[in-house]
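Visitor: Structure for this input, please:
(2 chains)
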Amino acid sequence: MELTIWTVSALLSILGLIWTAYLAYKIYVFNRLGQGWLAMLLAFVLLIFHRLIVYAHDFELFTDLHPLVLKAWQTLLFIIVGILWIIGMSSMKKSFETFDIVQKKTREKIRQLSKKKRADKQ
Amino acid sequence: MAKTILYIVDPKYYFKRVISILKKTINKSNIIYVTTNKPYAHLMNEFKKNNVNTSKFFIIDCITKYVGQPLDESVQNCIFLDNPQALTTISIAMNESIKQITGKKILFLDSLSTLLIYNDAKTMAKFSNFIINQMRTYNVDLVIFALESDVSHQIVTEIQSFVDEVKK
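Guide: Sure, this is the predicted structure:
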């Protein structure tokens, strides 16, 4: 029973991560939020890879793998995932800042233009 | 009521046709001109050469920065965007200029064919449909240019069904 619940939840977590990676890809394609957004996609793919390793280890597929080695790999993987998330989020932040800058600049230029036109008329 | 027109233009006479359409509308409205294939400086020269009065123009330039030409940020009638792929940014600039410019206005999108070079067809279909309906909401006339050579493109066929009129 315990094994079944564990198996189902492990499978669900992998499926959830695959779905998240797919959504990250769709966001990249549709919004073209910059190459940095691909880092988010890569981070999710690495998390899927991590889940598969842990899953395989729990089912004793890697019997000769020392727990410390697994822990070291996990730590390294999480550091890489963290870095990729920082790159992705920074890219998103930059994009949103660009949206804001464009909106403000457009508004400002049109105001200046209207002012100039009014002055020219007078 | 706002009207959306798709002009399908022969590539040989493309810019001449654009000029003639602009000249017909220039006295009636303010013009918001989205350029994706001619940098601002070049466009202004061409307008001057063809005696087009640019005092009512606001230009959304998606190409100068992309091709690495020097920017003159001091010009008041133009906003320079990163590239023709930045569709979200383009729609923000369009939206803001429509809100800020008072009186009657027309939005010129020059051109669908160039945007199709930089963006995939599905994205362009969504973007065009969004822009067309947004302009209807704002009661702003919209003129879209496309090359005759792109008529066979499925997206151009689709857009023909979104607009009010197709002219050649």
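
Visitor: what's the helix or strand for residue B:33?
Guide: Taking DSSP states H and E as the definition, one finds residue B:33 inside strand B:30-35.

Visitor: do that strand and chain A meet at all?
Guide: No. Contact of strand B:30-35 with chain A is not found when judged by Cβ under 8 Å from any Cβ of the partner chain; the minimum separation is 9.6 Å. Quick note: C-beta positions are derived from backbone N, CA and C, even for glycine.

Visitor: Give the pairing partners of that strand; include direction for each.
Guide: strand B:57-61 (parallel), strand B:105-110 (parallel) (DSSP bridges).

Visitor: Excluding chain neighbours, what is closest to residue A:70?
Guide: residue A:57 (6.0 Å; Cβ to Cβ, 6 or more residues apart in numbering or on different chains).

Visitor: buried set for the helix or strand harbouring that neighbour?
Guide: Element membership for residue A:57 (DSSP H and E) is helix A:37-58. Across helix A:37-58, burial judged by 16 or more other Cβ atoms under 10 Å in any protein chain shown covers A:37-48, A:50-51, A:53, A:55.

Visitor: next one: stretch A:5-20
Guide: A:10, A:14, A:17, A:20.

Visitor: What sits closest to the residue nearest the centre of chain A if chain neighbours are left out?
Guide: Centroid-nearest residue in chain A, with Cα atoms, centre = their mean: residue A:40, separated by 2.4 Å. Leaving out its chain neighbours, the residue that sits closest to residue A:40 by Cβ to Cβ, 6+ apart is residue A:88, at 3.5 Å.

Visitor: Contact partners for that neighbour?
Guide: A:36-40, A:43 (Cβ atoms under 8 Å, 6 or more residues apart in numbering or on different chains).

Visitor: try 10 Å
Guide: A:24, A:28, A:33-34, A:36-44 (Cβ atoms under 10 Å, 6 or more residues apart in numbering or on different chains).

Visitor: tell me the phi and psi of it?
Guide: With angles defined as degrees, to the nearest 10, residue A:88 sits at phi -60, psi -50.

Visitor: And the strands in chain A, which stretches?
Guide: For chain A, none of the segments meets the definition of strands by DSSP state E.

Visitor: go on, chain B?
Guide: B:4-9, B:30-35, B:57-61, B:78-80, B:105-110, B:141-147, B:165-167.

Visitor: Now these in TSV, please, with extra columns for mean pLDDT and mean neighbour count.
Guide: Below are the strands of chain B laid out as TSV (pLDDT from 0 to 100; neighbours: other Cβ atoms under 10 Å in any protein chain shown):
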stretch	mean pLDDT	mean neighbour count
strand B:4-9	92	21
strand B:30-35	94	23
strand B:57-61	94	24
strand B:78-80	94	24
strand B:105-110	94	24
strand B:141-147	93	23
strand B:165-167	90	13
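
Visitor: Out of these, which gets nearest to residue A:66?
Guide: Minimum separation from residue A:66 across the strands of chain B (Cβ to Cβ) falls at strand B:78-80, 57.6 Å.

Visitor: got the residue ranges for the helices in the chain?
Guide: If you meant another chain, say so; for now it's chain A. For chain A, applying DSSP state H gives helices covering A:2-31, A:37-58, A:67-121.

Visitor: you looked at the wrong chain, it should be chain B
Guide: Secondary structure of chain B (DSSP H): helices at B:14-25, B:40-49, B:87-100, B:112-118, B:121-138, B:154-162.

Visitor: Output the helix holding residue A:57 as PDB, nothing but the C-alphas.
Guide: Extracted C-alpha coordinates of helix A:37-58, given in PDB (Å, rounded to 0.1, in the frame of the first residue of the first chain):
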ATOM      1  CA  TRP A  37      13.400  32.400 -20.100                       C
ATOM      2  CA  LEU A  38      14.800  29.200 -21.600                       C
ATOM      3  CA  ALA A  39      16.900  28.900 -18.400                       C
ATOM      4  CA  MET A  40      13.600  28.400 -16.500                       C
ATOM      5  CA  LEU A  41      12.800  25.600 -19.000                       C
ATOM      6  CA  LEU A  42      16.200  24.000 -18.400                       C
ATOM      7  CA  ALA A  43      15.700  24.200 -14.700                       C
ATOM      8  CA  PHE A  44      12.500  22.300 -14.900                       C
ATOM      9  CA  VAL A  45      14.000  19.700 -17.100                       C
ATOM     10  CA  LEU A  46      16.800  19.300 -14.500                       C
ATOM     11  CA  LEU A  47      14.200  18.900 -11.800                       C
ATOM     12  CA  ILE A  48      12.600  16.100 -13.800                       C
ATOM     13  CA  PHE A  49      16.000  14.500 -14.100                       C
ATOM     14  CA  HIS A  50      16.500  14.800 -10.400                       C
ATOM     15  CA  ARG A  51      13.100  13.200  -9.600                       C
ATOM     16  CA  LEU A  52      13.900  10.300 -11.900                       C
ATOM     17  CA  ILE A  53      17.200   9.700 -10.200                       C
ATOM     18  CA  VAL A  54      15.700   9.800  -6.700                       C
ATOM     19  CA  TYR A  55      12.800   7.600  -7.900                       C
ATOM     20  CA  ALA A  56      15.300   5.100  -9.400                       C
ATOM     21  CA  HIS A  57      17.400   5.100  -6.300                       C
ATOM     22  CA  ASP A  58      14.400   4.500  -4.000                       C
END
